[in-house]
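S.K.: Take a look and give me a structure for this.
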Amino acid sequence: MELTLLPPILLALAEQQSLDAVLSTIVGAVATQPDFALARVWLRDDDRSCPVCRSAAPDPEPALHLRASAGDPLDATADWSRVNGTFHRISLASSLKIAHVARTGEPVRVDRLREDARWVRFPEWVARERLVGFAGRPMIFRGEVLGVLGAFRRAELSHGWWEWLQALSDAAAVAVANARAFEEAEALRRALELERDYLREELQESGAFGDILGRSAALARVLHEVDTVAATDTNVLILGESGTGKELVARAIHQRSRRSRRSLVKVNCGSIPRELFESEFFGHVRGSFTGAVRDRTGRFQLADGGTLFLDEVGEIPLDLQVKLLRVLQEGEFERVGDDATRHVDVRVVAATNRDLQKEVAEHRFRLDLFYRLGVFPISVPPLRARRDDIPDLIAHFVRQSCARLHVDVPRLPLRELDRARAYDWPGNVRELQNIVERAVILARGGTLALPLPEAGPESLVESASTETMEPMEIVPERRWRDLERANVLRALRKAEFRTYGQGGAADLLGINGATLASRLKKLGIRPRDHKKTSRRL
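M.R.: This next block holds a predicted model:
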C-alpha cells in the first residue's frame, strides 16, 4: 500500500479556519495511511485554554493537552476517539515520550515497541493491539513547539512513512498557528461588534439630560463627591428620586476614572424578565435553555476592564443577588450552561430610587450585598432642592428640542422661569425635559408657555379638596368638567374676556393661546356670549 499524497491533505488543512477542524484533519490524514493503528495530537497550553481542563481547578503551569484522537482498535469495546482519558494531560516534566518530544523539540522513533522498554508504559496493551512501531513528531512554528503529533502502526516504520509524517507535522504546525490567530481575531471582532452595538444603543438612549448642568450648592456637592471617588475603583451606590439624573452621575464617575478608555455598560435591572436575569448578567452558551440558539456574552464580560452601571438595582431578585455578590467579591462567574469559570475586572456603580435599608429590613435585599455596593454612597438631590439650576436646564432643553424638531427657538418670558422655579417638579429633571419639549411644540417658534400641571384640572381638584371635598374623595368626570369650566370662566372674567396677550385668559391660565381656544371649544364656552351676559349684569 502507498502513502496518501500530501498536497490534497495540505490543501484541506489550509482551508480550515477553526482549531478543532484543523486537528481533526491532521489525525484524519494519518488514519488513511497503511497499517494505521492510532493517531493523536497534543497541544502545549495552559488549563484555561483546554475545553476539558478548564472546568476543573486550573493549573497555571503549561502542559500537553490531548485535543484530537483517531484510531482503529482491535478491541471493539475501546473508544480511541476520546480525548479525556488517562493521557489527556501530560506534564512537560513527565518521563513519557510525548513530554520528551515537547520538552526537547526532538522527534522520537520506535521501530519495535516490544523490544524498547524505555518508551513503552503498557506492554500488555501493545501486545494486545499488535502494535509494532511508534513515531512522535514535534509541531514547531517559528522556533516554538506548539504540540506533538504521535502515531502508532501495526508495522515497522519505513523511511518514507517517517519522512511523510515529518512533512505533515510541519504543515500541521503552520495550520494550528493560523487557526489560533484566526480564532483570536474572530473573538476580538465579535467583542468589538458587541461593544459597537452596545455603544450605538447607548448613544440612542444617552443624552436624555445632556451634560450635568447647574451651579447650585446641592449640585456642587454631588460633583465634588464624584471627583473624590472617580479616581478609585470603589463601588458606588447612587441614591435619588426617579428622574434626578443618576445615570449622568454614573457616566461622570466613569469618564473621570482610569477605566474611561473602556466601556460603561448599562443594565436596567427593572426591565429584565426574572428568568433572563442570569443570562443578561453572565451570558449563556448555545442550547443551555429553550431559545438559546447561539452563545451570548453577558454584561459583566462586556464590561471587563470598564464600569458596569446597575440601574434600579433594588429590582434584582434575591436568588440572583447571591451570584452578583460572588462576582463583586471574587471577580468570577460562569455563563448559563457552561462549567468554565471566567474572571473579570469590573467596577460596579449601582443606582436606585428605593430605600435599600428598608428593603433589607423587610428581607427583600441582602445586607451583605447592600454593604458591598454602598461602599461610597452619593445622594442626588431632587430638582426642587436646586431651583437655581432650573433656568439653565430650561434653556438647554429648549435648544435641544428645537434642534431635534427643526423649529425656531421661541422667546422665553421671565414669568415662565418664575413659574418653573415655584413648581415642585415631582418628576424632577425628566419631567422638566418633557414639559419643555411639549412647550416648544406648542409655541411653534413664538412665545414659550410651560404647560405646568398646576394650570390643569388636577390643581383645581387639589384646591377644591381643601374647601368642599374630603381629602381622599374621588371626583366624578362630570364634576371634573364643571370645575375646569368654572376655572376657565374665572380667568376670562378676570381678563375682561381677552383670550390672548399679556394679562389675557391664556396668560393667566399659563397655557398657549391655541390650547385655550381648543379648551373653550371642548367646554362649549363662547367668550362673546359670556361677555354680553356680564355687561347686562
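
S.K.: any low-confidence regions in the stretch 151-300 of the chain?
M.R.: Residues of the stretch 151-300 of the chain that meet the criterion pLDDT under 70 lie in 195-211, 293.

S.K.: any chance you could map the strands in it?
M.R.: Along the stretch 151-300 of the chain, the stretches classed as strands by DSSP state E, counting those that start in this stretch are 236-239, 264-268, 283-284, 296-297.

S.K.: ditto for the stretch 351-500 of the chain
M.R.: Secondary structure of the stretch 351-500 of the chain (DSSP E, counting those that start in this stretch): strands at 376-379.

S.K.: Would you map the helices across it?
M.R.: Using DSSP state H, counting those that start in this stretch, the helices of the stretch 351-500 of the chain run over 356-361, 367-373, 390-405, 414-422, 428-443, 457-465, 477-494.

S.K.: Give me the distance between the fifth one and the centre of its chain.
M.R.: Its chain's C-alpha centre and that of helix 428-443 lie 31 Å apart, by Cα atoms, centre = their mean, to the nearest Å.

S.K.: can you tell me which residues contact residue 526?
M.R.: Applying Cβ atoms under 8 Å, 6 or more residues apart in numbering, we find residue 526 in contact with residue 520. Using the backbone N, CA and C atoms, a C-beta is placed for each residue, glycine as well.

S.K.: That should have said residue 168, apologies.
M.R.: Contacts for residue 168 were tallied using Cβ under 8 Å, 6+ apart; they are 6, 9, 26, 29, 30, 137, 149.

S.K.: Skip the chain neighbours and tell me the closest residue to the first one.
M.R.: Same thing as residue 6. residue 167 (5.7 Å; Cβ to Cβ, 6 or more residues apart in numbering).

S.K.: Of the contacts of residue 168, which is the nearest to residue 325?
M.R.: Closest approach between the contacts of residue 168 and residue 325, by Cβ to Cβ: residue 26, at 45.2 Å.

S.K.: what's the least confident helix or strand in this structure, going by average pLDDT?
M.R.: Ranking every helix and strand in the chain by mean pLDDT, DSSP states H and E puts helix 457-465 at the bottom, with a mean of 42.

S.K.: count of neighbours near residue 278?
M.R.: Residue 278 has 22 neighbouring residues, counting by other Cβ atoms under 10 Å.

S.K.: can I assume it is in contact with residue 334?
M.R.: No: counting by Cβ atoms under 8 Å, residue 278 stays clear of residue 334, with 9.7 Å between them.

S.K.: State the distance from the nearest residue to residue 392 once chain neighbours are set aside to residue 395.
M.R.: If you skip the residues right next to it in sequence, residue 392 has residue 213 as its closest partner in space, 5.0 Å away by Cβ to Cβ, 6+ apart. Residue 213 sits 9 Å away from residue 395, going by Cβ to Cβ, to the nearest Å.

S.K.: just the contacts of residue 168 now: which is nearest residue 430?
M.R.: Nearest to residue 430 out of the contacts of residue 168 is residue 26 (Cβ to Cβ; 60.8 Å).

S.K.: tell me the secondary structure for the closest one?
M.R.: At residue 26 the chain is in helix, as set by DSSP: H, G, I helix; E, B strand; the rest coil.

S.K.: what about the closest residue to it other than its chain neighbours, distance to residue 97?
M.R.: Closest residue to residue 26 apart from its sequence neighbours, by Cβ to Cβ, 6+ apart: residue 172 at 4.8 Å. To residue 97, residue 172 is 18 Å away according to Cβ to Cβ.

S.K.: If you count surrounding residues, which of the two has more?
M.R.: Counted by other Cβ under 10 Å, residue 172 and residue 97 do not tie: residue 172 has more neighbours, with 28 against 21.

S.K.: Please name whichever of the strands of the stretch 151-300 of the chain is nearest to residue 113.
M.R.: With Cβ to Cβ as the measure, strand 283-284 is the member of the strands of the stretch 151-300 of the chain nearest residue 113 (47.0 Å).

S.K.: Residues in contact with the closest one: which ones?
M.R.: The contact list for strand 283-284 (Cβ under 8 Å, 6+ apart) reads 278, 292, 295, 296, 297, 298, 300, 301, 335, 336, 337, 338.

S.K.: Centroid-nearest residue for the chain?
M.R.: Nearest to the mean C-alpha position of the chain, by Cα atoms, centre = their mean, lies residue 299 at 2.8 Å.

S.K.: That residue: what's it in contact with?
M.R.: Residue 299 makes contacts with 265, 267, 280, 281, 308, as judged by Cβ under 8 Å, 6+ apart.

S.K.: what number of residues lie near the nearest residue in space to the third one that is not next to it in sequence?
M.R.: In this case it means residue 280. Nearest residue to residue 280 in three dimensions, chain neighbours excluded: residue 272, at 5.2 Å (Cβ to Cβ, 6+ apart). Neighbourhood size, residue 272 [other Cβ under 10 Å]: 19.

S.K.: Would you mind confirming that residue 272 makes contact with residue 278?
M.R.: No: with contact defined as Cβ under 8 Å, residue 272 does not reach residue 278; the gap is 9.8 Å.

S.K.: In the chain, which helix is the longest?
M.R.: If you go by DSSP state H, the chain has its longest helix at helix 159-205.

S.K.: between that helix and strand 264-268, what angle do the directions make?
M.R.: Relative orientation of helix 159-205 versus strand 264-268 (axes from the mean of the first three to the mean of the last three Cα atoms, to 10 degrees): 70 degrees.
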